[in-house]
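Visitor: Structure for the following, please:
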Amino acid sequence: MWSPLRVGLFAAAICSINGQYAAATQHQDLDGRNSRSASITVRVSDGDQPACVKPCLDKILSQYECSIERPCYCENLKLADALDICLSATCELSDYLGSQRSYAGTCDKQPRNRARHTRELCWSMFTIATIVIAGRFVARMRSLGGSGFGWDDYVAFMTYALLVPTDITSELEVRNGFGMDMYLLTMEQILVLMKSFYVGEVLYALIIVMTKISLVLLYLRIWPADSVTRNFRRSCWALVAVLAAFCLSGFLALVLQCNPVNYVWLQVTGIEGTCINLEALIYAHGAINVCFDIVVILLPIHVLTKMKLPYTKKAGLSAVFLVGFLVTICSLIRLQYASLAVKTKNPTWDLHPIGTWSLIEANFSVVVCCMPALTGLIQRTWTKSFGTPPQMGYSMVSGDEAWQERSRSAVRPSTNPEMVLEQWESDAERNRKTQIEDQVTK
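Guide: The predicted model follows:
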């Protein structure tokens, strides 16, 4: 199913999404470069401006020998930076945002919006993830020829259950102005947006680790104790334990990142509170996550290369697992925007890239962890529809399904792991090969 060519095309598609997103962001940034001062200066011609504005305005305009009637008022970015520092230190957030809106109108600055296609991206990927997880459910049903459900499936289903509220939080963010300059939003919108972002990031941290746990549990199911070395299975169980600990620690660190907890989204209102070094947390969690990606993806490759299979089958089987590197690419792209998460004065605009890539990675992780489990369903469906097995060169069936097949043949289960992975022949041919292999391994 997932031949090297298809995996290559899929990777190219993901890279294309990245390129289009980056190009769109760059274009919007260029469009907004001249409007940078729109987010950090004020209009003073109004008589009802906040009391905090005039002292800052008088000080900064005199320092730069400028006035509101001159072009420098809208064009001098250094002046805008200096005025922003003064206003952010002396004004309440509502007054600060009001001054930004006023300036944008004075200098005729066009509103920026990065989230034009976020909703379409979110629900398109969610639809794909839903189809894939439903396919996994059907593939495991014994009544349809599946192997039955195992812990790898239960963890995958729990991960999907977390993906649903994750995508809902993304919808709430977009509806409340995510990807727009903060001065364009009301205080109510900002608070809903920041709370939704917080919940979404916590769920993201759970999803990306639980999909890895599901994959490792699948390895244990594919390769039973009599088909691989004891060290391989011990490594898998140890990795499951470490991933579970990482999942729990990451969850607690993100949930309790601030004291009080609601300071995460209420800090924009000026309430008192403290937070841990969020930038360090994001980089540390992201780096460890990437390392675990690599370990989980490469773990079964050694076992596959040791199997006595034709090169094309080995390449196809390896491609099923190596496609997980596309999730790693999403993680690395997401980390590029991590510093903006804590150093921004315009969070509703600057947090959009990291939020978008978190969304992509979460949805795509669910898709990737279900790929190996779907090949059996696709082959059974193909065989039932066309009468002959698809010529894919390989298959992926769980160990317990192979055991059931051999039990029906009244033949002692083979210790050769090839019989766990190759299930595409007809019943007669499959039973004949099993008997031959058993005689060889006795």
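
Visitor: residues touching Y64, list them.
Guide: Contacts for Y64 were tallied using C-beta atoms under 8 Å, 6 or more residues apart in numbering; they are 72, 76, 78-79, 82. Quick note: C-beta positions are derived from backbone N, CA and C, even for glycine.

Visitor: Tell me the buried residues in the helix or strand S102 falls within?
Guide: Counting by DSSP states H and E, the element that carries S102 is helix 93-106. The neighbour-count check on helix 93-106 (16 or more other C-beta atoms under 10 Å) flags 95-104, 106 as buried.

Visitor: about what we covered before: of the contacts of Y64 - the most surrounded one?
Guide: Highest neighbour count within these, by other C-beta atoms under 10 Å: L79, with 21 neighbours.

Visitor: Spatially central, which residue of the chain would that be?
Guide: E361 (1.8 Å; C-alpha atoms, centre = their mean).

Visitor: so what pLDDT did it get?
Guide: On pLDDT, E361 comes in at 92.

Visitor: That one: helix or strand, and which one exactly?
Guide: Using DSSP H and E, E361 falls in helix 352-386.

Visitor: Run through the stretch 151-300 of the chain and note the low-pLDDT ranges.
Guide: Applying pLDDT under 70 to the stretch 151-300 of the chain picks out residues 227.

Visitor: Can you show me the helices along it?
Guide: Taking DSSP state H, counting those that start in this stretch, the helices of the stretch 151-300 of the chain run over residues 151-175, 187-222, 230-255, 263-266, 278-298.

Visitor: for these, which one ends up most surrounded?
Guide: Of all the helices of the stretch 151-300 of the chain, helix 187-222 carries the top mean neighbour count, a mean of 22, counting by mean count of other C-beta atoms under 10 Å.

Visitor: orientation of it relative to helix 352-386 in degrees?
Guide: Put simply, helix 187-222 runs at 40 degrees to helix 352-386, going by axes from the mean of the first three to the mean of the last three C-alpha atoms, to 10 degrees.

Visitor: the inter-axis angle of helix 187-222 versus helix 230-255?
Guide: Put simply, helix 187-222 runs at 170 degrees to helix 230-255, going by the same axes, to 10 degrees.

Visitor: Give me the phi and psi for I68.
Guide: Here is the backbone geometry of I68 (degrees, to the nearest 10): phi -70, psi -20.

Visitor: does it really touch L61, like I thought?
Guide: Yes: in this structure, I68 is within contact of L61 by C-beta atoms under 8 Å, at 7.5 Å.

Visitor: what ranges of the stretch 301-442 of the chain fall below the confidence cut-off?
Guide: Counting by pLDDT under 70, the low-confidence segments of the stretch 301-442 of the chain come to 309-318, 320-321, 376, 383, 386-442.

Visitor: Helices along that one, start to end?
Guide: Under the criterion DSSP H, counting those that start in this stretch, helices of the stretch 301-442 of the chain are mapped to 301-306, 311-322, 325-335, 340-343, 347-350, 352-386, 399-408, 418-421, 427-441.

Visitor: Tell me the helices and strands packed up against the longest one.
Guide: Read it as helix 352-386. Contacting helix 352-386 under the criterion 3 or more C-beta pairs under 8 Å, 6 or more residues apart in numbering; DSSP states H and E are the following elements: helix 4-33, helix 118-140, helix 151-175, helix 187-222, helix 311-322, helix 325-335, helix 340-343.

Visitor: what comes up buried for that helix?
Guide: 352-382.

Visitor: Grab the nearest non-local neighbour of L172.
Guide: S196 (4.3 Å; C-beta to C-beta, 6 or more residues apart in numbering).

Visitor: Equivalent analysis for G148, please.
Guide: R142 (5.1 Å).

Visitor: and the one you found, how many neighbours?
Guide: Look at R142: counted by other C-beta under 10 Å, it has 11 neighbours.

Visitor: domains for this protein, by residue range?
Guide: Annotated domains of the chain cover 32-106, 113-380, 389-441 [automatic domain parsing].
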